[in-house]
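Participant: sequence-free structure coming up:
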Ligand code: PHE
C-alpha cells in the first residue's frame, strides 16, 4: 500500500477544500433564504458545533489510525471477531453518487463563467430564460460542460495526493478566500449589508419548522464532507504527528466561516436592490446575476469573481468525492491510479448525463422515476439518507466498537479530560440519536 503524506498545511487546505464547496456558496445561502434566515442559521451552527465537529474528529481518527482506503481502515481497526465492519467502508461510494450531479452543477458554473463575460441579464425574466434554456433545453451544452468538469477533476485526482490534490488545494483555497473576502469588503460599503446581517443573525423563530431543522442537520453533514469517507481517505495521508482535534477544529471553522461570508455577500447584494431571499436553487444562477447588473461593468467583474470562487470550491470538493473510491480500487484491486480514475469517471459521467437529461424537456419523462427527475432522486438519497447513514456508522464504530483505550490514548491528550468527555458523550449519544431521528423523519417514518 503506497500512501503518500500531506504536509500539515497541505492537509488542512485539502480537507477544507473538500468541505468548502457548492454546499457553502450555492446551497447554504439558498437554504437560509428559503427557511427564513436567522433561526435556520442558528440551528445550523448548533449542529455543526455539537454533531458535525464530533463526527469530523471521529472520521479523521479512523483514517489516521487505519492509514488505508476506507474499507481497509475499517477492517484494520475493527475487533478481530467483527471484521464485517469493513463493509462500512463502502460509504466511499457515496462520493461517486454525489459526483453524478455535483459535476453537472460545476458544468453549469463553467457555462456561466463563459456567458457572463459577455454581459449580465438585466431582468429576472432574462436571467430565468438563460438558466432554463441551459438546464431544460440544451442537453448538448450541459453535457459538454459536465464533461469538462469530469476531465478536470479526473486529471487532478490522477496526479495523486502530493502533486495533484495537495498542490491544487494550496492554490485554489487561498484564491477562493481572497475572492470572497474581497467581495465581503465591498459588501460592507452597501446599505444592503446591515439588512443581510440582521436577516442572517437575528432569529425569527416563527419561521422555523421541523423541516428546516431536519434539513439543517442534513446540510451540516454535506457541508463538512462527512459520512462518505472523503475526510477519512485524506486523513490516511495525514502527517504522523498531526493533532487531529486541532485540525478538525480548523477545518470545521473554515467551512462555517466561508458559508457565513458567502451568505453575507449574496444577501448584501440582493437586499441592496430589494430582491427576495427565497428563490431556491436559482438564487445564485438567476437572482444574483440580475442584481449585479445594477452595478454596471463592475457587476460583470463581481459576477465573474463570484462564479470563479464557486468553480474553485466545486473542484476542490469534487476531487475529494472521487478520491476515496480511487484509493479503494488501487488498494483492493491493484488498479493503477490512472485506470481507477478513468473507470470511476466514466461511470459517474454516464449517470451524470442521465441526471442532467432528467431536467430537460425532451428527455425528462424517460429519466424520471415515479415522476421525480433522477437528478433530484440522487441528490435526495445522498443528502438525506446515505450521508447521515455513513455518519451513523462512523459514530457507532468509534463510540462503541473500536477499542476505547485506543481512542482515549489518541484524543484525550489533545482535548484534555473534560472536553474529551463531552466529545465522547456526543459521539456515543447525541450524534447517533440525532442522525437516526433525522433519517427516520426524512423517510417519513416518524414526524417531529
Ligand atoms: N462538502 C462539500 C460541499 O459543501 C460536498 C461534499 C460532500 C464533498 C461530501 C465531499 C464529501 O459542497
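Facilitator: All right, it came through fine. This one's a predicted model, so the numbers in the text were calculated from it and none came from an experiment.

Participant: Is any residue of the lengthiest helix in the chain near the ligand?
Facilitator: Ranked by number of residues, the top helix in the chain under DSSP state H is helix 297-333. Yes - Helix 297-333 comes into contact with the ligand (C-beta under 6 Å from any ligand atom), by way of 317, 320-321. No exception for glycine: its C-beta is placed from N, CA and C like everyone else's.

Participant: Cross-check the contact I'm expecting between residue 414 and residue 248.
Facilitator: No - look at residue 414 against residue 248 with C-beta atoms under 8 Å: they stay out of range, at 9.7 Å.

Participant: List the contacts of the host helix or strand of residue 378.
Facilitator: Assessed by DSSP states H and E, residue 378 sits inside helix 374-380. Residues outside helix 374-380 that contact it (C-beta atoms under 8 Å, 6 or more residues apart in numbering): 97-98, 100-101, 104, 351, 354-356, 358-359, 367-369.

Participant: Show me how to select, in PyMOL, the buried members of these.
Facilitator: This is the PyMOL syntax for the buried subset of the contacts of helix 374-380, where burial follows 16 or more other C-beta atoms under 10 Å:
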select buried, resi 97+98+100+101+104+351+354+355+356+358+359+367+368
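
Participant: contacts with the ligand among the contacts of helix 374-380, please.
Facilitator: Filtering the contacts of helix 374-380 for proximity to the ligand by C-beta under 6 Å from any ligand atom leaves residue 98.

Participant: still on that earlier bit, residue 414 and residue 248: which is more packed in?
Facilitator: residue 248 (25 against 18; other C-beta atoms under 10 Å).

Participant: Hmm, the more buried one is touching residue 52, no?
Facilitator: No - look at residue 248 against residue 52 with C-beta under 8 Å: they stay out of range, at 9.6 Å.

Participant: Grab the two from the contacts of helix 374-380 that are most spread out in space.
Facilitator: The two members of those with the most space between them (C-beta to C-beta) are 98 and 368, at 19.6 Å.

Participant: So the residue of the stretch 101-250 of the chain found nearest the ligand: helix, strand or coil?
Facilitator: Of all residues in the stretch 101-250 of the chain, residue 225 sits closest to the ligand, at 3.5 Å by C-beta to the nearest ligand atom. Secondary structure, DSSP: H, G, I helix; E, B strand; the rest coil: residue 225 is coil.

Participant: Would you confirm that it contacts residue 18?
Facilitator: Yes - taking contacts as C-beta under 8 Å, residue 225 lies within contact range of residue 18: 4.5 Å.

Participant: re earlier: so which of the residues of helix 297-333 next to the ligand is the closest to residue 118?
Facilitator: Relative to residue 118, and with distances defined as C-beta to C-beta, the nearest of those is residue 317, at 28.0 Å.

Participant: I'd say the closest one and residue 14 touch.
Facilitator: No - using C-beta under 8 Å, residue 317 is not in contact with residue 14, being 10.6 Å away.

Participant: need the contact list for residue 321.
Facilitator: Neighbouring residues of residue 321 by C-beta under 8 Å, 6+ apart: 95-96, 98-99, 102, 228, 230.

Participant: Tell me the spacing between the closest residue to residue 126 other than its chain neighbours and the ligand.
Facilitator: Closest residue to residue 126 apart from its sequence neighbours, by C-beta to C-beta, 6 or more residues apart in numbering: residue 290 at 7.4 Å. Distance of residue 290 to the ligand, given as C-beta to the nearest ligand atom, to the nearest Å: 24 Å.

Participant: from here on, count from 123
Facilitator: Yes, from this point I'll number from 123; that puts the last item at residue 412.

Participant: Around residue 412, how many other residues sit close by?
Facilitator: Look at residue 412: counted by other C-beta under 10 Å, it has 22 neighbours.

Participant: Please look at it and residue 247 and confirm they touch.
Facilitator: No - Residue 412 is beyond contact range of residue 247, at 9.0 Å (criterion: C-beta under 8 Å).

Participant: from the chain's centre, how far out does stretch 271-288 sit?
Facilitator: Centroid separation between stretch 271-288 and its chain, computed with C-alpha atoms, centre = their mean, to the nearest Å, is 18 Å.

Participant: My error: substitute stretch 555-568 in the last question.
Facilitator: Centroid displacement of stretch 555-568 relative to its chain, using C-alpha atoms, centre = their mean, is 21 Å.

Participant: Show me which positions of that stretch end up buried.
Facilitator: For stretch 555-568, the neighbour count (16+ other C-beta under 10 Å) marks 556-557, 559-561, 563-564 as buried.

Participant: Alongside the ligand, which residues does the stretch 323-472 of the chain contribute?
Facilitator: For the stretch 323-472 of the chain, the residues in contact with the ligand (C-beta under 6 Å from any ligand atom) are 344-345, 347, 350, 352, 439, 442-443.

Participant: got JSON lines for those residues, with pLDDT too?
Facilitator: Below are those laid out as JSON lines (pLDDT from 0 to 100):
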{"residue": "344", "pLDDT": "92"}
{"residue": "345", "pLDDT": "95"}
{"residue": "347", "pLDDT": "96"}
{"residue": "350", "pLDDT": "94"}
{"residue": "352", "pLDDT": "97"}
{"residue": "439", "pLDDT": "97"}
{"residue": "442", "pLDDT": "98"}
{"residue": "443", "pLDDT": "98"}
